[in-house]
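Colleague: Sequence and predicted model, in that order:
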Amino acid sequence: MSDSLPDWAPATVDLDQPSAARVYDYLLGGACNFEHDRVFAEKLLSTIPEAREVARRNRAFLRRAVRFCVDQGIRQFLDIGSGIPTVGNVHEIAQKEVPDSRVVYVDSEPVAVAHSLLILDGNEYAGAAQGNLLDVDGVLGAEPVRRLLDFDQPIAVLMAAVLHFVPDSANPGAAVARYVDAMASGSYLVLSHAAKVDLQRSQDGWKMYNSTSTPGGGRTREDVAAFMAGTELVEPGVVWLSEWRPGSLDDTTTPERSIGYAAVGRKP
């Protein structure tokens, strides 16, 4: 992608400021990123060489979790902090199994939303909206959410690799609790989160993010478990990304290289 805005991108996009969503897209091999995102990502890789592997493990967990939810009878998904859609995203996975599965993507990054709307054009069972995870009323009241999702029926709310960009001072736990409270019995909360690890390169990586519009930081396994309050953890609980119900192609020999935790909980 060139550094001139494509026709579909909002004119308000800041080309000079790296974005976590676009950096993640670059790490996954996507094309919805700009020069500053790529420069930042390459510096991140020089600091944390496993960053690309972590992004791919996170995306692989999301795919497994979505398939699990479909197998449990879930037919509607709210993906908050969805990022820029890449191959194997939520609607592709869910609708491959059940064509009329309904999916809504929500992200605060305008490029993520614009590109989501572009690829979802003509898909009557999927939509996207711009919103902030902390603005629970705004997310739940967004037009595609109201049109496509029924919170009186079981739903899967997905928060993959987003909460580590919300500081404790913003009380993200209270926001997550409100989403859980809004979910019907039999719903699922799917969550992944960067781990707080005693690695200098990890700390240096977060210092890099602190210079962007999306500062962040890892949390402990206990912190991540606290986000799951109000749900019953699905086995194997809060584990490294690659340890959550791995498939035959998942690398479980060095799960700690995920530098991230995964969890799925069912609301009783």
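Modeller: Structure received.
Colleague: Name the surrounding residues that touch stretch 50-67.
Modeller: For stretch 50-67, the surrounding residues in contact (CB atoms under 8 Å, 6 or more residues apart in numbering) are 24, 27-28, 41, 44-45, 48, 77, 86, 88, 90, 93-94, 97, 156, 158, 160-161, 190, 192, 205, 241-242, 244-247, 250-251, 257-260, 262, 264. From N, CA and C alone the C-beta is placed, and that goes for glycine too.
Colleague: Recalculate using a threshold of 6 Å.
Modeller: 24, 27-28, 44-45, 88, 90, 93-94, 160-161, 190, 192, 241-242, 244-245, 257-259, 262, 264 (CB atoms under 6 Å, 6 or more residues apart in numbering).
Colleague: Can you show me the helices along this structure?
Modeller: For the chain, applying DSSP state H gives helices covering 20-27, 35-47, 51-71, 90-97, 110-120, 136-140, 143-148, 172-182, 200-209, 221-227.
Colleague: Report how many residues lie close to F151.
Modeller: 17 (other CB atoms under 10 Å).
Colleague: Tell me where the stretch 151-268 of the chain has strands.
Modeller: Using DSSP state E, counting those that start in this stretch, the strands of the stretch 151-268 of the chain run over 156-160, 188-194, 232-233, 239-240, 260-266.
Colleague: ok, now how distant is F68 from A225?
Modeller: From F68 over to A225 the distance is 19 Å, taken as CB to CB, to the nearest Å.
Colleague: By mean pLDDT, flag the weakest helix or strand of this protein.
Modeller: When each helix and strand of the chain is scored by mean pLDDT, DSSP states H and E, helix 200-209 comes last, with a mean of 76.
Colleague: could you check the angle helix 20-27 makes with that one?
Modeller: 130 degrees (axes from the mean of the first three to the mean of the last three CA atoms, to 10 degrees).
Colleague: mind listing what's buried in helix 200-209?
Modeller: Buried residues in helix 200-209, defined by neighbour count with 16 or more other CB atoms under 10 Å: 202, 205-206, 208-209.
Colleague: ok so, going back, rank the helices of the chain by mean pLDDT and give me the bottom one.
Modeller: Confidence, taken as mean pLDDT, is least for helix 200-209 of the helices of the chain (a mean of 76).
Colleague: Kindly format the C-alpha coordinates of it as CSV.
Modeller: Taking Å, rounded to 0.1, in the frame of the first residue of the first chain, the C-alpha atoms of helix 200-209 are listed here in CSV:
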residue,chain,number,x,y,z
GLN,A,200,13.7,-6.8,29.0
ARG,A,201,12.8,-7.0,25.3
SER,A,202,9.1,-7.2,26.1
GLN,A,203,9.3,-4.1,28.4
ASP,A,204,11.3,-2.3,25.6
GLY,A,205,8.5,-3.2,23.1
TRP,A,206,5.8,-1.7,25.3
LYS,A,207,8.0,1.5,25.7
MET,A,208,7.8,1.7,21.9
TYR,A,209,4.0,1.5,21.9
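Colleague: from here on, count from 726
Modeller: Taking 726 as the first residue, the last one we looked at is helix 925-934.
Colleague: which strands and helices sit next to it?
Modeller: Contacts defined by 3 or more CB pairs under 6 Å, 6 or more residues apart in numbering; DSSP states H and E place helix 925-934 against helix 760-772.
Colleague: Recalculate using a threshold of 10 Å.
Modeller: Counting contacts by 3 or more CB pairs under 10 Å, 6 or more residues apart in numbering; DSSP states H and E, helix 925-934 is packed against helix 745-752, helix 760-772, helix 776-796, strand 913-919.
Colleague: Can I get those in CSV including distance to D860 and mean neighbour count?
Modeller: As requested, these are exported to CSV (distance: least, CB to CB, whole Å; neighbours: other CB atoms under 10 Å):
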stretch, distance to D860, mean neighbour count
helix 745-752, 17, 25
helix 760-772, 25, 17
helix 776-796, 23, 21
strand 913-919, 18, 25
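Colleague: Fine by me, thanks again.
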